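1. This is the structure alone, sequence omitted:
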């Protein structure tokens, strides 16, 4: 397909991969109204090689969905970052209807976008830029998945150390449980 396609309701737009320079796309996810691209590039130093990841998002910015702090929609991918991401790599991304989430190598998670049901795990209202998911900050986040208006955080907790082996227990923390389910799951 050489051109953008407008079927009257949705616009299908090609994303020029040259936009990412010498980085490759490590992970790609799509929310209802936005897309996220986690890119990687190797940085070579004299004594070590590191992987640098960057996050790019494009799409509808209503409710802070794409996290770049502007009210302008992004028709081409824009870089989204938080100062904490300079110290720790982004290792996972997820997109919901109007919210997004990243997981860092240190087990922290950052969320942004619409928070009508508590799906950001960071208090009420919406976040136009990434914020620490404070509701799950005491846990080591292994993976995050965003749903329509919910977010599931998979965490690991060290239970015991025996013979230099660590047993890991996984727990799922579900943010935004509908009222009728809250009473069942308590």
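-> Sure, I can see it. Just so we're clear, the structure is a prediction, and the values are computed from it rather than from any experiment.

2. which residues does residue 29 form a beta bridge with?
-> Residue 29 has these beta-bridge partners by DSSP bridges: residue 36.

3. Now for it: which residues touch it?
-> 35-36, 93-95 (Cβ atoms under 8 Å, 6 or more residues apart in numbering). Placement of C-beta: from N, CA and C, glycine included.

4. For it, give its distance to residue 22.
-> Counting by Cβ to Cβ, to the nearest Å, the separation of residue 29 from residue 22 is 22 Å.

5. can you check residue 58 too?
-> 20 Å.

6. Show me where this protein has its helices.
-> Along the chain, the segments classed as helices by DSSP state H run 179-185.

7. is it possible to export the contacts of residue 29 to TSV including distance to residue 141, pLDDT and neighbour count?
-> Below are these laid out as TSV (distance: Cβ to Cβ, whole Å; pLDDT from 0 to 100; neighbours: other Cβ atoms under 10 Å):
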residue	distance to residue 141	pLDDT	neighbour count
35	22	92	18
36	17	94	25
93	12	95	22
94	11	95	22
95	16	95	24
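
8. ok, which pair from those residues is furthest apart?
-> Pairwise distances across the contacts of residue 29 peak at 12.0 Å for 35 and 94 (criterion: Cβ to Cβ).
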